[in-house]
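Colleague: okay, predicted coordinates and the sequence, questions at the end:
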Amino acid sequence: MDYLEKIDPTISTHYIEYLINEKVLANKGMKQKVEVYSRLLCFIDTTDHYHPNHLYGLLLQSLYKAQAVLLGCMGRHEHALELYVYKLKNYAKAEEYILQANI
């Protein structure tokens, strides 16, 4: 992923969209799912070469952490916090999110 982003950031965006559209996250084994999901989280956390609304619409419903990050990018902080607290039950991450977002 880093390699693609160095060449052309839009290529890495298309790659992430491909992974989501082809349901790679749904159809692979557990190890592969974790690897792809880690790449996705890293990508959305470290770059802005994508449209959060578009990517959010492609995500599987069960990818709560990715949804929370994208919701934060879209300024929908309350919804992002709901995911951290109620779905992920990660109160430390919710507190960290509040401090980072200055809300």
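Modeller: Okay, I see it. Numbering: from 1, shown residues only.
Colleague: I'd like the average pLDDT over stretch 48-59.
Modeller: In this model, stretch 48-59 has an average pLDDT of 87.
Colleague: next, Lys89: secondary structure please.
Modeller: Following DSSP: H, G, I helix; E, B strand; the rest coil, Lys89 is assigned to coil.
Colleague: ramachandran angles for it?
Modeller: phi 50, psi 40 (degrees, to the nearest 10).
Colleague: could you check how far it is from Asp8?
Modeller: Distance check for Lys89 against Asp8: by C-beta to C-beta, to the nearest Å, it reads 38 Å. The C-beta positions use only the backbone N, C-alpha and C, and glycine is treated the same way.
Colleague: and Asn53, by the same measure?
Modeller: Relative to Asp8, and taking C-beta to C-beta, Asn53 is found at 22 Å.
Colleague: got it, and Leu19?
Modeller: 17 Å.
Colleague: these two - which one has more neighbours?
Modeller: Leu19 (19 against 11; other C-beta atoms under 10 Å).
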